[in-house]
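K.L.:
3D model of this:
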Amino acid sequence: MRTFLWPTLVAALGFVLLAATARSGEKTKDDGSWTRDFPLEKGQLASTGRNPYFILEPGYFLVLKGDEEQVTVTVLAETKKVAGVETRVVEERETKGGKLAEVSRNYFAISKRTNDVFYFGEEVDVYKDDELVSHEGAWLAGVQGAKFGLLMPGRPSLHARYYQEVAPKVAMDRAENLSLTETVKTPAGEFKNCLKVEETTPLEPGKEYKYYAPGIGLVQDGSLKLVKYGKADAPKK
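P.N.:
Below is the predicted model:
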């Protein structure tokens, strides 16, 4: 997926979270400082809810744009059971140069106790010249050793490190919370006290940065910035 308080779950479990950054151009190895297991109580998860940085309510949408790229994120009025959990379907539709590039259906659930949002996988359709060419990056918790990850803590802690995806050899995105006080200017407005997240993966070199605004969600993803957000049946595509 690109494509958006509580003493963190990892803190509650007594893990020591270390801050570190990957050197540009090198794969970032797992040194054991990222949390990848998230014990949950039976009946703890729901398919609808919100925390300060992630809204999981049907009809909510975000539109982010760059020079040639646009991503529309829509919380659908659909659910899907994944690994025995009823999850909410969130669609991400990406266009490049006005042409459809990728459509993914992402599966999330939120803790009724902590408001942590967990990520249970995605189905992916990749397009080239209006033709479906692959399903690269698709994974589901409970299939081929994959497990759910933590997409967004209900109360992010500075320098907490956690896996968002745990699908060996397919999707292993990790996040580190770098700041809780960023100011981000976008076409949709200026947002203060934003969460800055650095994302890396042991599968590829490099790093990406995302910014989340309180009460809004994702407002910047790399060079993409928020141009529209709100709640409706669905935004126009």
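
K.L.:
who's in contact with Tyr119?
P.N.:
Met1, Asn106, Tyr107, Phe108, Phe148, Gly149, Leu150, Leu151, Gln164, Glu165 (Cβ atoms under 8 Å, 6 or more residues apart in numbering). C-beta coordinates here come from the backbone N, C-alpha and C atoms, glycine included.

K.L.:
specify the beta-bridge partners of the residue lying closest to Ala109 once chain neighbours are set aside.
P.N.:
Nearest residue to Ala109, sequence neighbours excluded (Cβ to Cβ, 6 or more residues apart in numbering): Leu45, at 4.1 Å. When assigned by DSSP bridges, Leu45 has beta-bridge partners Ser111.

K.L.:
pretty sure Leu45 contacts Tyr107?
P.N.:
No - using Cβ atoms under 8 Å, Leu45 makes no contact with Tyr107, being 11.4 Å away.

K.L.:
for the helix or strand containing Leu180, output the C-alpha coordinates as PDB.
P.N.:
Leu180 is part of strand 174-186 when elements are defined by DSSP states H and E. The C-alpha coordinates for strand 174-186 follow below in PDB (Å, rounded to 0.1, in the frame of the first residue of the first chain):
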ATOM      1  CA  ARG A 174       8.100  -0.900   8.100                       C
ATOM      2  CA  ALA A 175       7.500   2.400   9.700                       C
ATOM      3  CA  GLU A 176       9.300   4.600  12.100                       C
ATOM      4  CA  ASN A 177       7.600   7.700  13.700                       C
ATOM      5  CA  LEU A 178      10.100  10.600  13.200                       C
ATOM      6  CA  SER A 179       8.100  13.600  14.400                       C
ATOM      7  CA  LEU A 180       4.700  14.600  15.800                       C
ATOM      8  CA  THR A 181       5.000  18.400  15.200                       C
ATOM      9  CA  GLU A 182       5.400  18.800  11.400                       C
ATOM     10  CA  THR A 183       3.600  21.500   9.500                       C
ATOM     11  CA  VAL A 184       2.600  20.500   6.000                       C
ATOM     12  CA  LYS A 185       1.300  22.900   3.300                       C
ATOM     13  CA  THR A 186      -1.000  21.400   0.600                       C
END
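
K.L.:
and the residue of the chain positioned farthest from its centre, what does it touch?
P.N.:
Distance from the C-alpha centroid of the chain, by Cα atoms, centre = their mean, peaks at Asp129 (26.9 Å). Taking Cβ under 8 Å, 6+ apart as the criterion, Asp129 is in contact with Lys99.

K.L.:
apply 7 Å and report the result again.
P.N.:
Listed by Cβ atoms under 7 Å, 6 or more residues apart in numbering, Asp129 has no contact partners.

K.L.:
got the phi/psi numbers for it?
P.N.:
Backbone torsions of Asp129, given as degrees, to the nearest 10, read phi 50, psi 40.

K.L.:
distance of it relative to Gly230?
P.N.:
Asp129 sits at a distance of 32 Å from Gly230 (criterion: Cβ to Cβ, to the nearest Å).

K.L.:
now swap in Pro202 and tell me
P.N.:
Taking Cβ to Cβ, one finds Pro202 at 37 Å from Gly230.

K.L.:
tell me which of these two has more neighbours.
P.N.:
Set side by side, Pro202 and Gly230 show more neighbours around Pro202, with 17 against 12, by other Cβ atoms under 10 Å.
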